[in-house]
Each structure stands twice: as C-alpha cells, then as structure tokens.
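Asks: sharing a model prediction with you, sequence too.
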Amino acid sequence: MTQDHVPGLDLNNGVRIPQLGYGVFQIPPENTQEAVESALEAGYRHIDTAAGYRNEAAVGAAVAASGIAREDLFITTKLRNGDQARARAAFEDSREALGLEQVDLYLIHWPVPSQGLYLQAWQDLEQIYSDGLARAIGVSNFLPEHLEELTRAANVPPAVNQIELHPTFQQRALADASRRHGMAVEAYSPLGQSGDLTNSTVIEIAARHHATPAQVVLAWHLASGNIVIPKTATPERMRENLASVSVELSPLDMEQINDLDAGRRIGADPATAAFSQY
C-alpha cells in the first residue's frame, strides 16, 4: 500500500490534501524522527504535527532524511495557544524547526475564547498565506460560534477545521457547520484513542470484512468525507491503518457505526480550554 492509493480532498482554495495522514500527537520528541521515518517508509505522505507537541524538529529531521521530494509531502503544523498574540513569529519558529520554506497547512490549534485573540491571530495567518509561506490555513477545535465570528471577519476563509471526531463522539452539528462554511473536516483521535476499537458493533463489522477494527473505523471516516490522522508508533499498525483505504463499507455498515454516537468527548472542551501549550 502506498500513498498513491490514498484518496485526496480538494480544499476550498484548490490545494489537495491526502485524506489519510499520520499524526504525531503524544509521540515523545526523542521517538518522533524514527516514527515518522517508519510512516514515510510505509507510504504515508501527509504528516500532522504542532508546536505544542514539541516534536516539529524531529518531524523535519525525518522529512529531510527521507529523500522524498518536497512536493510529494503534505506537512501540517499548528499555532500554540500561548502564541496567538505573536502568530507570525511563532510560525517562523515552526518553519525553522521543521526546516521547511513552506508548510502545507497551518492551523490555529484552539480558539481559547477567554483570550479573545483568535481573530488577531487569523489576520497573521492570512498574511502568512498571502506571502506564500503556507499553502492553506485553517483552525482546530473551533466550535460553531467561533466559526461564525471568524468567517464574518476573515478575508481568507479557513480551509480546515480539525476536531475530535470518532464513532462515539461524532460532533455532527459541528462537522455540518464546518462544511457549511466551506471547510474540510479533519478528525483527530479518530479511533477514540483506541477506545472505539473494542465496541462490539465495530468488531462484528470488522469480522464481516476480514479487516481489523481500526481499519473499519478509518474506512468509516474516509467514506464520511473526513480527513483522518491516526497515530501509532508501531510500523505494522501504520501499514494496517494505511490499508484501510481498501475497505469498502456497505450502507448498513455505515449506518451501524453512525448509530454509535454517544457524545463521549475524550479531549478538552474548546469552549473553556485555555492552556498555553508551553
């Protein structure tokens, strides 16, 4: 399986993003280069990191060591919450850490409404985009009310909203609102941090398809139109996840997984989250 087999989605500015990528959240910096090198070797070409993960430099080292042409890679990073008042400088820090002239997608990581700074930060992202230093810009963890305020003020509409989304926490209203504003929906914690893989319905569907539960959940995301960035440090699991693009779920399978929504959030609530990420 290679990234050539991975479907892509066209963002609202025409930039094409691989629909299945590799996320490095919670991978320790000292282990990240090896993990990303393994992911690239397995066939991934879309890598998602963030300044707040403290592993951008290791991602950049893996990209440099891979020998893969830059135009064949899609690299996402994100603005720390504590850097919203200095977004341009923070972006330059990320670009230096990654060793890249241009990133493919730059996101405001959380709205942090208590700071009241995300509109100011967005103006900086628009300038970064205008200067050609990011091919696309977007947001992460923005709720409908944040999207409304941002899109009213924005000159460049956000291309992506990256949100927690998995079978037991589907956030349909937020996903629908994001798409109404022209944003692609990108799912983090797409397997419910593995919690959704023990669900009996998922296990039954996996058995019917001679697939793993992870492959079934990822296939559900892909069929739902989500961009998805599963994380694993195990090369075998990397290859397994990538092979989910070959799993074709039936309408009944999709309906059964859709019915698993239980509103169970794992991460922080974007309405109140206010950590600096330093």
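Replies: That came in fine, so what should we check first?
Asks: which parts of the stretch 101-250 of the chain are strands?
Replies: 105-108, 137-140, 160-164, 184-188, 227-228 (DSSP state E, counting those that start in this stretch).
Asks: can you list the strands that the first one pairs with?
Replies: Just to be clear, that refers to strand 105-108. On the basis of DSSP bridges, the sheet neighbours of strand 105-108 come out as strand 74-79 (parallel), strand 137-140 (parallel).
Asks: can you lay out those strands as a markdown table showing mean neighbour count, mean pLDDT and distance to Ala42?
Replies: C-betas here are computed from N, CA, C, even on glycine. As requested, these are arranged in a markdown table below (neighbours: other CB atoms under 10 Å; pLDDT from 0 to 100; distance: least, CB to CB, whole Å):
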| stretch | mean neighbour count | mean pLDDT | distance to Ala42 |
| --- | --- | --- | --- |
| strand 74-79 | 26 | 98 | 15 |
| strand 137-140 | 26 | 98 | 25 |
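Asks: in the stretch 101-250 of the chain, which spans are helices?
Replies: Taking DSSP state H, counting those that start in this stretch, the helices of the stretch 101-250 of the chain run over residues 118-130, 144-153, 172-180, 200-209, 213-224, 235-242.
Asks: winner for burial among these?
Replies: When you average the neighbours per residue for each of the helices of the stretch 101-250 of the chain (mean count of other CB atoms under 10 Å), helix 213-224 leads with a mean of 23.
Asks: elements contacting that helix?
Replies: Contact analysis of helix 213-224 by 3 or more CB pairs under 8 Å, 6 or more residues apart in numbering; DSSP states H and E lists helix 200-209, strand 227-228, helix 235-242, helix 251-258 as its packing neighbours.
Asks: between the ones you listed, which gets nearest to Asn12?
Replies: strand 227-228 (13.1 Å; CB to CB).
Asks: which helices and strands sit right next to that closest one?
Replies: strand 184-188, helix 213-224.
Asks: tally of neighbours for Thr212?
Replies: Close neighbours of Thr212, defined as other CB atoms under 10 Å, add up to 19.
Asks: for it, give me its contacts.
Replies: Ala206, Glu240 (CB atoms under 8 Å, 6 or more residues apart in numbering).
Asks: quick one: it from Ala219, how far?
Replies: Per CB to CB, to the nearest Å, Thr212 is found 10 Å from Ala219.
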